[in-house]
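Asker: how would this look folded up:
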Amino acid sequence: MHWDGRYCVGALCIILSMYGGGFATVPAYLADIFGTQFVGAIHGRLLTAWATAGIIGPVGVNYIREAQKAAGVEGAQLYTFTMYILAVMLALGLIANSPVKPLSDKWFMSDEEVAVLQAKTAAANAGPTGSFGIDTGGFDGRALIAWALVGIPLLWGVWVTIKSTYALFG
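Answerer: Numbers count the residues shown, from 1 in each chain. Down below sits the predicted model:
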């Protein structure tokens, strides 16, 4: 059997089809490993790392593709080296995850320690509760600037996407 781009694409499709299921299990996995008290903060750090990889990964793939293109590689073979790198990274992730085991009970907070921490947190957060800033002051200059900082780049991105889509299918 000759290994070509079709098999790489097929393997990638299978891996990507499992992405949502894997993503959905992360909070439960983190709770099993670290306990539930701080799983939100740990999950936030994990998502930050994931987002960073989501930016750095495609940029790296693009650089590898451009280097392959400059070396005279064409067609589906442009991504062969990238697929090997991704396969190695996937194997490294499996190896790095294999020694991870649930923590010993000595590292977990007792029920009393959790109660004391929650009482301190509640005391520190004592005061008014509810919706802060929502429907309290109307649409002022600060709100306009905030919406402009978010809305203008978002609208620009939508415009570029529509323009690119039109170029492909128009």
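Asker: And the helices in this structure, which stretches?
Answerer: Ranges of helices in the chain, per DSSP state H, are 5-17, 19-34, 39-70, 80-97, 111-124, 141-169.
Asker: of all those helices, which lies closest to Ser104?
Answerer: When the helices of the chain are compared by Cβ to Cβ, helix 19-34 sits nearest Ser104, at 11.7 Å. All C-beta spots, glycine's among them, are computed from the backbone N, C-alpha and C.
Asker: what about dumping the CA coordinates of the closest one to PDB?
Answerer: Listed in PDB are the C-alpha atoms of helix 19-34, where the atom choice follows Å, rounded to 0.1, in the frame of the first residue of the first chain:
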ATOM      1  CA  TYR A  19     -12.500  16.500  18.900                       C
ATOM      2  CA  GLY A  20     -15.800  17.500  20.400                       C
ATOM      3  CA  GLY A  21     -16.100  14.400  22.600                       C
ATOM      4  CA  GLY A  22     -12.600  14.900  23.900                       C
ATOM      5  CA  PHE A  23     -13.200  18.500  24.600                       C
ATOM      6  CA  ALA A  24     -16.400  17.700  26.500                       C
ATOM      7  CA  THR A  25     -14.600  15.300  28.800                       C
ATOM      8  CA  VAL A  26     -11.900  17.700  29.900                       C
ATOM      9  CA  PRO A  27     -13.700  19.200  32.900                       C
ATOM     10  CA  ALA A  28     -14.600  15.800  34.300                       C
ATOM     11  CA  TYR A  29     -11.000  14.600  33.700                       C
ATOM     12  CA  LEU A  30      -9.600  17.600  35.500                       C
ATOM     13  CA  ALA A  31     -12.000  17.100  38.400                       C
ATOM     14  CA  ASP A  32     -10.900  13.400  38.600                       C
ATOM     15  CA  ILE A  33      -7.200  14.400  38.600                       C
ATOM     16  CA  PHE A  34      -7.300  17.600  40.700                       C
END
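Asker: The helices of the chain into CSV, with extra columns for mean neighbour count, mean pLDDT and distance to Asp105?
Answerer: As requested, those are exported to CSV (neighbours: other Cβ atoms under 10 Å; pLDDT from 0 to 100; distance: least, Cβ to Cβ, whole Å):
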stretch, mean neighbour count, mean pLDDT, distance to Asp105
helix 5-17, 12, 77, 36
helix 19-34, 12, 84, 13
helix 39-70, 12, 90, 17
helix 80-97, 12, 90, 22
helix 111-124, 10, 84, 12
helix 141-169, 10, 88, 45
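Asker: Since that was my last question, I'll sign off now.
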